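Chemist: no FASTA, just this:
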C-alpha cells in the first residue's frame, strides 16, 4: 500500500497540545434550550480555543428535544474539545480501551491512529502506517480490531504485536473497504463494507473500475469468532456504515449513508432482529435523519433538513447515539434516538461534522466524538452498553 503522508506530518499531528477543559463561546443562546433552529444554534461560532471564555451552564449545545432526554443531559457539564490539530484531516473510528484507560481513533487520510490518555490528556501517534483504518474496536480479550480502507481488510492486533488478517475477501472477491464493526459476546465480529476507501485515493486506494461498488455489492458481514469463516448477513442496504448492537444483543442497528452515491437512498438508520446470534431478519427503518429546525433568530419559518448518520453507539437503556452531519450549524453533531419508536430526543451540537462516537472513561459515562479535525467529549448520565 502506498503511504499518503510522510512521518514529519505525523509528528506535526501528535505535537499539537490537547485541549483540556477550556471551553467557551463568542455569543450566548438567544432562544430556549429546547429550540433546534439557527436561533438556538451557536455551535458554528463557538470558540474552543485556548483563550476562550468559560461556558455558562447548562451548556446550550446540549439540547433536549423530548422530556425523555432530560435524565441523560447533565446541567453542570460542558462539551469539551480534548484534542485538535490543523494537520488532522478526518478523525474517525473512536474506541475506548478500559484496561489502558485510553481513547484511540483513526485519521484516515493521514494513515495514522492516535491515542489520548485519560490520566493527563496526553496525545501521541499510536500507529503509523495504519492501513487507512476507519473504524476500530476491541474484542473481549482486549485485542484491537481495525477496519482498513487502504488494504481492504479487517485485522486484529495480537499481544506480540503481530497482525492477524480476519477478512479480506468474500467468495473469492476482494472486500470493497471495510468501514466499521462491533464484537458480539460470543466472539463473532460483525462489520460493514460500503466501499468508501476504494472510491477515492484520499481515504484508501481507488479501485480502477470507477464503480459505486468497487469489487462487489455493499453488504454487512459476520466473522465467526471460532472458525474465522465469513458470512454475508445482508445486502439489503445501500451503503452500510456505522453499526451497533442493542444492549441485549437481539437487534443490530446500522446507519445507511447510501445517499452519498445513490439518489434513491433514504437518509436513515436501519434495524434488524438477530436470529440465533448469527442471522438477521425483519429489516426496517429505525429512525429518519430528517430534522425540522428554525431558519434563524426571530424567523417563524422552518426547514426540514436531512443529513447522514455515520458512526453509532447504544447506551444501557437502548438509546442510539448517532453522529450526524453534512447539513450545518444546528444539525451537525450527535443525535440521540429512543429505542422504541426511533424518536429523536436530544442533540449535542458541534461546530464540526461529527463522524463517529463511542462511550468511555472510567465509568463509561463519557461520550467521545470524532469530528473532522477535532475530538470532543461530554459526560452524560448513562453508560455505554458495550465494551468499546
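Modeler: Cool, got the structure. Because the structure is predicted, anything quoted here is derived from the model rather than measured. Residues are numbered from 1 along each chain as shown.

Chemist: from here on, contacts and neighbour counts on C-alpha atoms
Modeler: OK.

Chemist: which regions of the stretch 1-150 of the chain sit below the pLDDT cut-off?
Modeler: Within the stretch 1-150 of the chain, the stretches falling below the threshold (pLDDT under 70) are 1-45.

Chemist: Can you show me the helices along it?
Modeler: Assigned by DSSP state H, counting those that start in this stretch, the stretch 1-150 of the chain shows helices spanning 7-15.

Chemist: which residue ranges form the strands in it?
Modeler: Counting by DSSP state E, counting those that start in this stretch, one finds strands in the stretch 1-150 of the chain at the ranges 62-64, 80-84, 91-97, 102-107, 112-117, 123-127, 133-138, 144-148.

Chemist: TSV for the ones you listed, including distance to residue 280 and mean neighbour count?
Modeler: What follows is the strands of the stretch 1-150 of the chain, written out as TSV (distance: least, C-alpha to C-alpha, whole Å; neighbours: other C-alpha atoms under 10 Å):
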stretch	distance to residue 280	mean neighbour count
strand 62-64	33	23
strand 80-84	38	22
strand 91-97	24	26
strand 102-107	29	25
strand 112-117	32	22
strand 123-127	35	18
strand 133-138	22	29
strand 144-148	21	27
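
Chemist: Kindly present those strands as TSV, with separate columns for distance to residue 48.
Modeler: As requested, the strands of the stretch 1-150 of the chain are exported to TSV (distance: least, C-alpha to C-alpha, whole Å):
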stretch	distance to residue 48
strand 62-64	15
strand 80-84	7
strand 91-97	17
strand 102-107	20
strand 112-117	18
strand 123-127	17
strand 133-138	26
strand 144-148	30
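
Chemist: For residue 167, which of those is the nearest?
Modeler: Nearest to residue 167 among the strands of the stretch 1-150 of the chain is strand 144-148; the distance by C-alpha to C-alpha comes to 9.5 Å.

Chemist: tilt between the closest one and strand 91-97?
Modeler: Regarding strand 144-148 and strand 91-97, their directions subtend 170 degrees when assessed with axes from the mean of the first three to the mean of the last three C-alpha atoms, to 10 degrees.

Chemist: Tell me which other helices or strands whichever helix or strand comes after strand 144-148 touches.
Modeler: Beyond strand 144-148 on the C-terminal side, the first helix or strand identified by DSSP states H and E is strand 153-157. With contacts defined as 3 or more C-alpha pairs under 8 Å, 6 or more residues apart in numbering; DSSP states H and E, strand 153-157 has these neighbours: strand 144-148, strand 163-167.

Chemist: Just checking: what are the partner strands of the first one?
Modeler: The one in question is strand 144-148. Using DSSP bridges, the neighbouring strands of strand 144-148 in the sheet come out as strand 133-138 (antiparallel), strand 153-157 (antiparallel).

Chemist: which of the residues in the shortest one are buried?
Modeler: Which is strand 153-157. Residues 153-157 are the ones in strand 153-157 that count as buried (16 or more other C-alpha atoms under 10 Å).

Chemist: what do you get for stretch 362-375?
Modeler: In terms of neighbour count (16+ other C-alpha under 10 Å), stretch 362-375 has its buried residues at 364-375.

Chemist: same deal with stretch 208-226?
Modeler: 212-225.

Chemist: would JSON lines of those residues with pLDDT and secondary structure be doable?
Modeler: JSON lines is the format used below for the buried residues of stretch 208-226 (pLDDT from 0 to 100; DSSP: H, G, I helix; E, B strand; the rest coil):
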{"residue": "212", "pLDDT": "96", "secondary structure": "coil"}
{"residue": "213", "pLDDT": "97", "secondary structure": "coil"}
{"residue": "214", "pLDDT": "97", "secondary structure": "coil"}
{"residue": "215", "pLDDT": "97", "secondary structure": "coil"}
{"residue": "216", "pLDDT": "97", "secondary structure": "coil"}
{"residue": "217", "pLDDT": "98", "secondary structure": "coil"}
{"residue": "218", "pLDDT": "98", "secondary structure": "coil"}
{"residue": "219", "pLDDT": "98", "secondary structure": "strand"}
{"residue": "220", "pLDDT": "98", "secondary structure": "strand"}
{"residue": "221", "pLDDT": "99", "secondary structure": "strand"}
{"residue": "222", "pLDDT": "98", "secondary structure": "strand"}
{"residue": "223", "pLDDT": "98", "secondary structure": "strand"}
{"residue": "224", "pLDDT": "98", "secondary structure": "coil"}
{"residue": "225", "pLDDT": "97", "secondary structure": "coil"}
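
Chemist: and which of these is nearest residue 132?
Modeler: Taking C-alpha to C-alpha as the measure, residue 132 lies nearest residue 214 of these, at 16.8 Å.

Chemist: Regarding the chain, what is its longest strand?
Modeler: Ranked by residue count and defined by DSSP state E, the top strand of the chain is strand 279-288.

Chemist: neighbouring strands for it, and are they parallel or not?
Modeler: In its sheet, strand 279-288 lies beside strand 268-275 (antiparallel), with partners assigned from DSSP bridges.

Chemist: contact partners of the partner strand?
Modeler: The contact list for strand 268-275 (C-alpha atoms under 8 Å, 6 or more residues apart in numbering) reads 249-257, 280-289, 308-309.

Chemist: at 7 Å instead, please
Modeler: With contacts defined as C-alpha atoms under 7 Å, 6 or more residues apart in numbering, strand 268-275 is touched by 250-256, 280-289, 309.
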